[in-house]
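Undergrad: sequence below, structure please.
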Amino acid sequence: MKGLSRLLLFFYLLIMVLWVVNSHYLFSIWGVTVWLLIILLGFVIYKKLNNFFIFLRNS
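TA: Just a heads-up that it's a prediction; the model follows:
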């Protein structure tokens with residue numbers, strides 16, 4: 001799970017760089033689709049890690 005989190009962080013940073021340079025790759029249909037999928041995947045990882053830490057705290 002931590003490896004996937006680091007991969008997502010890398011993609012977030014890549015998107016930020018593309019945003020700053022106003023890249024046409026980011027503002028294409030493909031770029032927006034990948035961006036939305038990464039946000040969704042990040043939300044799922046956040047929920048799973050949050051539930052894991054709640055489980056550890058309660059046991």
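
Undergrad: CA atoms for contacts and neighbours, from now on please.
TA: Will do.

Undergrad: buried sites along the helix or strand containing K48?
TA: Using DSSP states H and E, K48 sits within helix 29-58. Within helix 29-58, the residues scored as buried using 16 or more other Cα atoms under 10 Å are G31, W35, I38, G42, I45.

Undergrad: packing partners of that helix?
TA: Contacts defined by 3 or more Cα pairs under 8 Å, 6 or more residues apart in numbering; DSSP states H and E place helix 29-58 against helix 2-20.

Undergrad: what are the buried residues along the helix it packs on?
TA: Residues L8, Y12, I15, L18 are the ones in helix 2-20 that count as buried (16+ other Cα under 10 Å).

Undergrad: and it, C-alpha only, in CSV?
TA: Taking Å, rounded to 0.1, in the frame of the first residue of the first chain, the C-alpha atoms of helix 2-20 are listed here in CSV:
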residue,chain,number,x,y,z
LYS,A,2,2.9,2.4,0.8
GLY,A,3,4.4,1.7,-2.6
LEU,A,4,1.2,2.6,-4.3
SER,A,5,0.9,5.7,-2.2
ARG,A,6,4.4,6.8,-3.4
LEU,A,7,3.5,6.1,-7.0
LEU,A,8,0.4,8.3,-6.7
LEU,A,9,2.5,11.0,-5.1
PHE,A,10,4.9,10.9,-8.1
PHE,A,11,1.9,11.2,-10.4
TYR,A,12,0.5,14.1,-8.4
LEU,A,13,3.9,15.9,-8.7
LEU,A,14,4.0,15.1,-12.4
ILE,A,15,0.6,16.6,-12.9
MET,A,16,1.6,19.7,-11.0
VAL,A,17,4.6,20.2,-13.2
LEU,A,18,2.5,19.7,-16.3
TRP,A,19,0.0,22.2,-14.9
VAL,A,20,2.6,24.8,-14.3
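
Undergrad: give me the contact list for it.
TA: Identification of contacts with helix 2-20 by Cα atoms under 8 Å, 6 or more residues apart in numbering yields Y25, L26, W35, I38, G42, I45.

Undergrad: from the residues you listed, which is closest to R57?
TA: I45 (18.3 Å; Cα to Cα).
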